[in-house]
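K.L.:
Sequence and predicted structure, then a few things I'm wondering about:
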Amino acid sequence: MTDAPNPHHVVMTFGRHKGELLTRVPLNYVRWMANQTELDAHWRALARAEFERRGDTFPKVELSGHAIDNASLRVRKIWHETRGEEEGLYSWLQRVTLEAIEHGERLDSGKIRYLGMKFAIEPGEEFPVLKTVTR
């Protein structure tokens, strides 16, 4: 078993935070790095190590801003009908996305149908990404 790489003193060599220390990069960008299948495995491992160093845990599913916007506009009624007590939109959307992955109907379009909604979900290196949700 190999030790996780040490993110200390690692300088970003690409992207929006090029030139910055990895330990100073915003957490949401570190999470994004760890989930990118196109990114070099070494950088993904560094991102995972930095995420753990900060004491955070990976989400079970990542929600794009577009998915959250669409949910609030297009599936609000379903949210109100199926949410848990005091379950906010973000938490509900994470929960039903995971349920859709496990129990939903896979469509020829690549989307998943669940609870009268269609989910566009992309796999990630660490966790799936909900790109959008519609009725």
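P.N.:
That came through, no problem.

K.L.:
Kindly report the domain assignment for this protein.
P.N.:
1-58, 62-134 (automatic domain parsing).

K.L.:
longest helix of the protein?
P.N.:
helix 89-103 (DSSP state H).

K.L.:
next helix or strand past that helix?
P.N.:
strand 105-106 (DSSP states H and E).

K.L.:
So Ala47 is in contact with Pro26, correct?
P.N.:
No. Between Ala47 and Pro26 there is no contact under C-beta atoms under 8 Å: 11.9 Å. In this view, the C-beta of every residue, glycine as well, is placed from N, C-alpha and C.

K.L.:
Give me the more crowded residue out of these two.
P.N.:
The neighbour count for Ala47 versus Pro26, taken as other C-beta atoms under 10 Å, is higher for Ala47 (26 against 11).

K.L.:
Average pLDDT for the helix or strand where the more buried one lies, rounded please.
P.N.:
In the assignment (DSSP H and E), Ala47 maps to helix 41-53. Per-region confidence: helix 41-53 scores 92 on mean pLDDT.

K.L.:
same deal with stretch 28-35?
P.N.:
In this model, stretch 28-35 has a mean pLDDT of 90.

K.L.:
what does stretch 99-115 give?
P.N.:
On average, stretch 99-115 scores 97.

K.L.:
for stretch 67-77, same thing?
P.N.:
95.

K.L.:
returning to that earlier point: tell me how far the helix holding Ala47 lies from the chain's centre.
P.N.:
When C-alpha coordinates are averaged (C-alpha atoms, centre = their mean, to the nearest Å), helix 41-53 and its chain have centres 16 Å apart.

K.L.:
Could you list every helix and strand in contact with the next helix-or-strand element following it?
P.N.:
Using DSSP H and E, the next helix or strand after helix 41-53 towards the C-terminus is strand 62-63. If you count contacts as 3 or more C-beta pairs under 8 Å, 6 or more residues apart in numbering; DSSP states H and E, strand 62-63 packs onto helix 89-103, strand 129-134.

K.L.:
Neighbouring strands - and their directions - for strand 62-63?
P.N.:
strand 129-134 (parallel) (DSSP bridges).
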